[in-house]
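# sequence and predicted structure below; questions after.
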Amino acid sequence: MGADQLILAAAAGAVSLAISAVLWALAQRRQNQARLDELTGRIRLLETRAEAATASAEAFDSALLAVEDGQALLASGEESLSVCAEALGLSEAEPQALLNALMRADPDHARRLRGLFERGEPCAFEVQGPGGAVTVEGRAAGALAWLRVSGVLGEDAGLPTAPRFAAFLQSRACPAWIAAADGSPVWVNAAWLKAVGAESLDEAAKRGAAFDRGADAVASEAANLGQKREAVRWLSLDGRRRAFHIVAQPLEGGGVGVWTDDVTELEDLREQLKRNVEAHDQTLNRLDDAVAIFGEGKRLMFHNTAFAELWGLEPAWLEERPTHGEVLDRLRQRRRLPETADYAKWKAAELDRYEKLGDEPDDLWSLPDGRTLRVVRQPHPMGGMLFLFSDITGELKLKAQYNALIQVQQATLDKLSDAVAVFGSDGRLRLHNESFERFWGISHEKLEAAGDFEGVVELCVPKLHDMGFWRELKGRVADPDPSARTPMTGEVKTSEQRIVEYRSRPLPDGATLIAFTDVTDARRLESALADREAALSEAERLKRDFVGNVSYELRTPLTTIIGYSELLEHSGDALPDRARAHAAAVKVAATQLARSIDDVLDMAQIDADEMALDLADVNVSDLLIGVAGRWQKAAEAAKVSLMIERPNDIGLIRGDAKRLTQILDHLVENALTQTPAGGTVTLAARKALGEIQLQVSDSGRGIPFHVQAHIFDRFIGRERGGPGLGLALVKALTELHGGWVALESEPGAGATFTCHLPEGAEAVTAQPELKFAT
């Protein structure tokens, strides 16, 4: 190859190399341009991100500091840095000055910052400065430590940060949580986890555990309505039934904050208060006094049954809780309030009492219907006013009657001649009369000044020296033992030798009544009467002896006279008719005198309670027949019909046959004497209500009314012959059988004597009125 070819080849190679170099350069340029464009894009992205980071930091009022080897540089947030410096009281807003201030603020804060710088330990705390508060959060990234600080000035400086507030919620003893819109928890505190028995919220969610489904429903309701909701829920917690007050409050940014408080004791107290109020209401309803309670708004909060009955108000209207003024207006319309000239003023004064704090004095209301009420007002512990209305009309009436009785009692005691004093159980002198003052010669003023029993005794001792008597009397007054306060009666002598009778009587109220009576004259009179009684008894004995002796002395010659008269009467023709008639008259007179003597002796025996009945069963029919047969001749001689009336079953009577015959003999004799010729005397017997009635009636002239009242007295029948003891003896003998005598008679229409005798008679003593008058 020639030189030219070599030159040409070299030139071609050079050209090729140049072209290749140009092409390579072009390729390198394109590659570098692409890399440059890529880097430019990345720079622009980083700038955008930096601007966004700065804007976000400034938007959240925080400054970002980068710390390396203890040197702080501001990454973003100049305005926030100025706020933090002002909060800590720094003159210049420099990052290093702020860091130094944070280190000096608290040893604990300094320890946390050194842990961040040296070991990369994250930290969070809050520093309180003179101008506000600064919140610090620290994180480590590579060789740098980053601090985000934010300051709060003024009133907002006291608000806690989110971490502090979360720590506060964690420290609560009661559950608190944040719930989603459906009520499910998204954050819970430790008390919530303890209540459901879970270590974390995730564990509780997996188990489906919840503090209370009702609380979740309250949270959901609050989220849906956007309003605060409250409820009280009873739950079983730690084996006990407990009450929780649940408050659900919608939060800004979504979610619901749920706050609980254990109100078990409060609810128990509320329930107890409710029961106490109900018991109180029931108690008030049982009171006879009217009770009304008006609340703070002067509305009727409570009234008992007596209130509605006292004022005649409709229960339905009272249930509408009218005001106090409305109640007064309705009562005035019905004229049930005290009459007043200015009702508006009176009502205003009544309602103004609500403004007064102290207790009000009691009032007395005089109503138009004549009733008097005591009105008691007092502030109610739960607000308002309590009114108590007592109808004291009867009480006032009783008090007036009591005062009148006391006055009558005092006036009565003053009229007594006995000296009377009443001492209370405490020994105080409660009451005395004027006679007490006169008896002891003590003035009213001195007695009132003495006061008690000891003082009264000192005033009485000069007249009655026996201190033993006064001590015994004091025991009756002041001894608390009821057995010692027994009645006591006795007599003592005064220094004037007067005899005084004293009496002590316990009274029902514990007081003791003591009475003194001067019985000197009475004792003298009693002695004289005793002597006279002895003399009269001796005279009575002598009279009985005289009657007995005279009767005995008369009976003997009478027996002789009767015997000889009978002998002369039966001597036949030896005596003329005139002589025999005289002998018969002598016999009749002697027989009548003998019967009179027997009557006198019987009466004397009855008066001396010496007559005894010989009781036996007596056939009533035989008794009547025997008496009629004995008086048949006398009746025929007087031309009087003697009749017997009796039922066939009259039966027996328990009595003394001799004395019953004596009763009928006297009655028949009296009837024959009073019945003219052609008249009728009837003996009758009948049964009636456990008794036998023996009856003697005549058709004679009857007995005048003025004589009937004394017909059974002694000696009234003297004008009929004899001593007049027949009817008196009939009455006495009938009463000895336990019966009684009745008389029915009209002048000109005869007389009927009826002896009422019990079938089973028992002997009784003679009545006092049957004794001889002296």
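Received the coordinates, thanks.

# for the rest of this, base every contact and every neighbour count on C-alpha atoms.
Fine.

# hey, what's T489 bridged with?
Here T489 sits in beta bridges with R503, as judged by DSSP bridges.

# ok, it touching Y502?
Yes: with contact defined as C-alpha atoms under 8 Å, T489 reaches Y502; the gap is 5.7 Å.

# give me the number of residues near A671?
27 (other C-alpha atoms under 10 Å).

# do you know the pLDDT at it?
If you check A671, the pLDDT there is 87.

# angles on the backbone of it, please.
Taking degrees, to the nearest 10, you get phi -60, psi -40 for the backbone angles of A671.

# mind checking what helix or strand follows the lowest-mean-pLDDT helix or strand in the chain in sequence?
Every helix and strand in the chain was compared by mean pLDDT, DSSP states H and E; the lowest is helix 577-607, with a mean of 69. Later in the chain than helix 577-607, the nearest helix or strand by DSSP states H and E is strand 616-619.

# what's the spacing between that next one and its chain's center?
Distance of strand 616-619 from the chain centroid (C-alpha atoms, centre = their mean, to the nearest Å) equals 69 Å.

# name the helices or strands packed onto the next helix or strand after it?
Following strand 616-619 in sequence order, the next helix or strand is helix 620-630 (DSSP H and E). Where contact means 3 or more C-alpha pairs under 8 Å, 6 or more residues apart in numbering; DSSP states H and E, helix 620-630 is packed against strand 641-645, helix 657-674, strand 680-688.

# what comes up buried for helix 620-630?
Neighbour-count burial for helix 620-630 flags V620, S621, L623, L624, V627, A628 (criterion: 16 or more other C-alpha atoms under 10 Å).

# ok, so of those, who is nearest I43?
V620 (164.2 Å; C-alpha to C-alpha).

# how many other residues sit next to V492?
14.

# now do A685
Using other C-alpha under 10 Å, A685 is surrounded by 19 other residues.

# also E496?
8.

# what do you get for L364?
Neighbour tally, L364, other C-alpha under 10 Å: 15.

# could you find the closest non-adjacent residue to it?
Distances taken as C-alpha to C-alpha, 6 or more residues apart in numbering place R374 nearest to L364, at 4.7 Å, with adjacent residues excluded.

# pretty sure Q170 is touching K194, no?
No: at 11.3 Å, Q170 and K194 do not qualify as touching, with contact defined as C-alpha under 8 Å.

# what are the ranges of the helices in the stretch 201-350 of the chain?
201-207, 213-225, 264-285, 305-311, 315-319, 324-333, 343-351 (DSSP state H, counting those that start in this stretch).

# can you check the stretch 51-200 of the chain too?
Going by DSSP H, counting those that start in this stretch, the stretch 51-200 of the chain shows helices at 78-88, 95-105, 107-119, 162-170, 190-196.

# same check on the stretch 651-774 of the chain?
Applying DSSP H, counting those that start in this stretch to the stretch 651-774 of the chain gives helices spanning 657-674, 705-708, 726-736.

# CA atoms of the second one as PDB?
Right, helix 705-708. What follows is helix 705-708 as a C-alpha-only set of coordinates in PDB (Å, rounded to 0.1, in the frame of the first residue of the first chain):
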ATOM      1  CA  PHE A 705    -156.900   7.800 150.800                       C
ATOM      2  CA  HIS A 706    -155.200   9.800 153.600                       C
ATOM      3  CA  VAL A 707    -155.300   6.700 155.800                       C
ATOM      4  CA  GLN A 708    -153.900   4.300 153.100                       C
END
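
# any idea of the pLDDT on R544?
According to the prediction, R544 has pLDDT 67.

# one more: the one 4 residues further on?
G548 is assigned 63 on the pLDDT scale.

# next one: the one 4 residues further on
Y552 is assigned a pLDDT of 60 by the prediction.

# quick one on the thing from earlier: quick one: the helices and strands packed on helix 620-630 as a markdown table, columns for distance to K356 too.
Compiled in a markdown table, the helices and strands packed on helix 620-630 are given as follows (distance: least, C-alpha to C-alpha, whole Å):
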| stretch | distance to K356 |
| --- | --- |
| strand 641-645 | 100 |
| helix 657-674 | 97 |
| strand 680-688 | 86 |
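
# of all these, which lies closest to D362?
strand 680-688 (72.8 Å).

# any weak-confidence spans in the stretch 351-500 of the chain?
The stretch 351-500 of the chain contains residues with pLDDT under 70 at 357.

# just the helices in it please.
Counting by DSSP H, counting those that start in this stretch, the stretch 351-500 of the chain has helices at residues 393-415, 434-440, 444-450, 453-460, 467-478.

# of those, flag the one that's most buried.
helix 434-440 (a mean of 18; mean count of other C-alpha atoms under 10 Å).

# right, so the helices of the stretch 201-350 of the chain: which one is the most enclosed?
helix 213-225 (a mean of 20).

# what residues does that helix touch?
With C-alpha atoms under 8 Å, 6 or more residues apart in numbering as the test, helix 213-225 has contacts from 179-184, 228-231, 233, 246, 248-250, 255-258.

# filter the residues you listed to the buried ones?
179-184, 228-230, 233, 246, 248-250, 255-258.

# in JSON lines: the helices of the stretch 351-500 of the chain, plus distance to G760.
JSON lines is the format used below for these (distance: least, C-alpha to C-alpha, whole Å):
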{"stretch": "helix 393-415", "distance to G760": "52"}
{"stretch": "helix 434-440", "distance to G760": "57"}
{"stretch": "helix 444-450", "distance to G760": "66"}
{"stretch": "helix 453-460", "distance to G760": "62"}
{"stretch": "helix 467-478", "distance to G760": "52"}
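
# for M385, which of these is the nearest?
helix 393-415 (24.6 Å).

# which neighbouring elements make contact with that closest one?
helix 434-440.

# can I get the CA coordinates of the helix it packs on in PDB?
Taking Å, rounded to 0.1, in the frame of the first residue of the first chain, the C-alpha atoms of helix 434-440 are listed here in PDB:
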ATOM      1  CA  GLU A 434    -109.400  29.800 152.000                       C
ATOM      2  CA  SER A 435    -110.200  27.500 154.900                       C
ATOM      3  CA  PHE A 436    -106.600  26.200 154.800                       C
ATOM      4  CA  GLU A 437    -105.400  29.800 155.400                       C
ATOM      5  CA  ARG A 438    -107.900  30.400 158.200                       C
ATOM      6  CA  PHE A 439    -107.300  27.000 159.800                       C
ATOM      7  CA  TRP A 440    -103.500  27.500 160.200                       C
END
